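Peer 1: next one to model:
(one chain, ligands or ions: 1)
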Amino acid sequence: MRTPFVVGNWKLHKTIAESLALVTELKNQLASLRDVAVGVAPPFTALHAVARRVEDSPLVVAAQDCYWEEKGAFTGEVAPGMLRDAGCAWVIIGHSERRQLFGETDETVGKKVRAALGAGLGVIACVGETLAQRDDGSTFAVVERHLAGAVGGLDPALAERVVIAYEPVWAIGTGRTATPAQAQEVHAHIRAWLGRSLGAAAAAAIRIQYGGSVKPDNAAQLLREPDIDGALVGGASLAAADFVAICRAARA
Ligand code: PEP
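Peer 2: So this is what the prediction gives:
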């Protein structure tokens, strides 16, 4: 069985001191939680401090992006090996904000995924359609294109370190959530695609998170769906009480 994985994406929020305060609360409040993997994705500046704070706990740390080269003249970029050095175990790649605002493409997502896996990180690869794409009936085609770019041709043996986050763009930060049925339909489609592309064992092992306005009051219904294996949480991960409630819902 797949252990549910809930990750808080803090985006461009929190100083080092604020990050430490939040993660310390999470560490304390989640100490007794079993059978759910929990991670936080602070901004780059707080990664090392947060990773040190959680090293005696089951919490894991993710970065929000990385580059595909390990070193060189790439001003402003951060290498996967540097993330490991800072204490990260995971990295989010291909978030829709990076695709929409920072020119991320299926090709760059694929390069980053391979580099991150090669450096020993786990990868949370984000896929998902815009509202216009959902309305014109191209949701499955868009998701398949994103999947092909991110994980097409990967070694199935890497499945344990691959997570797909289905994040419909129209549900991110909008307060508008996909219904459990809408999300499950796409998650099942993603799992079928993984089965055709990477084989049945990898498809059964790869966790598929849902992301898009997950809150304490809708988490349990979403996470009850058979192909929803956790959540990638934005806004509600910035307050300890909300994020803890979502993590607990993943277990129930
Ligand atoms: C996200 O950015 O990954 C996200 C899901 O944000 P929110 O939960 O705020 O919609």
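
Peer 1: give me the neighbour count for the residue of the stretch 101-250 of the chain found nearest the ligand.
Peer 2: Using C-beta to the nearest ligand atom, the closest approach of the stretch 101-250 of the chain to the ligand is made by Gly234 at 2.1 Å. For every residue, glycine as well, the C-beta is placed using N, CA and C. Number of residues near Gly234 (other C-beta atoms under 10 Å) recorded here: 22.

Peer 1: give me the phi and psi angles of it.
Peer 2: phi -90, psi -100 (degrees, to the nearest 10).

Peer 1: tell me which residues in stretch 236-243 are buried?
Peer 2: Within stretch 236-243, the residues that count as buried by 16 or more other C-beta atoms under 10 Å are 236-238, 240, 242-243.

Peer 1: name the helix or strand for Ser197, please.
Peer 2: Per DSSP states H and E: Ser197 is located in helix 180-198.

Peer 1: tell me which helix or strand comes right after that helix.
Peer 2: Using DSSP H and E, the first helix or strand after helix 180-198 is helix 200-205.

Peer 1: show me the buried residues of stretch 236-243 that map onto helices.
Peer 2: 240, 242-243 (DSSP state H).

Peer 1: of these, closest to Ala73?
Peer 2: Phe243 (38.5 Å; C-beta to C-beta).

Peer 1: neighbours around the residue nearest to Arg251 when sequence neighbours are not counted, how many?
Peer 2: Counting by C-beta to C-beta, 6 or more residues apart in numbering, the nearest residue to Arg251 once its immediate chain neighbours are dropped is Val36, at 4.9 Å. Val36 sits with 20 neighbouring residues when counted by other C-beta under 10 Å.

Peer 1: backbone dihedrals for the spatially most central residue of the chain, please?
Peer 2: When C-alpha atoms, centre = their mean is applied to the chain, the residue found nearest the centroid is Ile124 (4.1 Å). Per-residue torsions, Ile124: phi -110, psi 100 (degrees, to the nearest 10).

Peer 1: is the helix holding Ser197 positioned near the ligand?
Peer 2: No: residues of helix 180-198 are not located near the ligand by C-beta under 6 Å from any ligand atom, the shortest gap being 11.9 Å.

Peer 1: next one: stretch 123-131
Peer 2: No: using C-beta under 6 Å from any ligand atom, stretch 123-131 stays clear of the ligand, coming no nearer than 7.2 Å.

Peer 1: end-to-end on that stretch?
Peer 2: Length of stretch 123-131, first residue to last, C-alpha to C-alpha, to the nearest Å: 26 Å.

Peer 1: now do stretch 114-134
Peer 2: 29 Å.

Peer 1: just the buried residues of it, please?
Peer 2: Those would be 114-117, 119, 121-130, 133-134, for stretch 114-134 by 16+ other C-beta under 10 Å.

Peer 1: so of these, which ones are in strands?
Peer 2: Among those, the ones falling in strands (DSSP state E) are 122-127.

Peer 1: export the residues you listed as TSV, with columns for pLDDT.
Peer 2: Putting these into TSV (pLDDT from 0 to 100) gives the following:
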residue	pLDDT
Gly122	98
Val123	98
Ile124	98
Ala125	98
Cys126	98
Val127	98
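
Peer 1: fine by me, thanks again.
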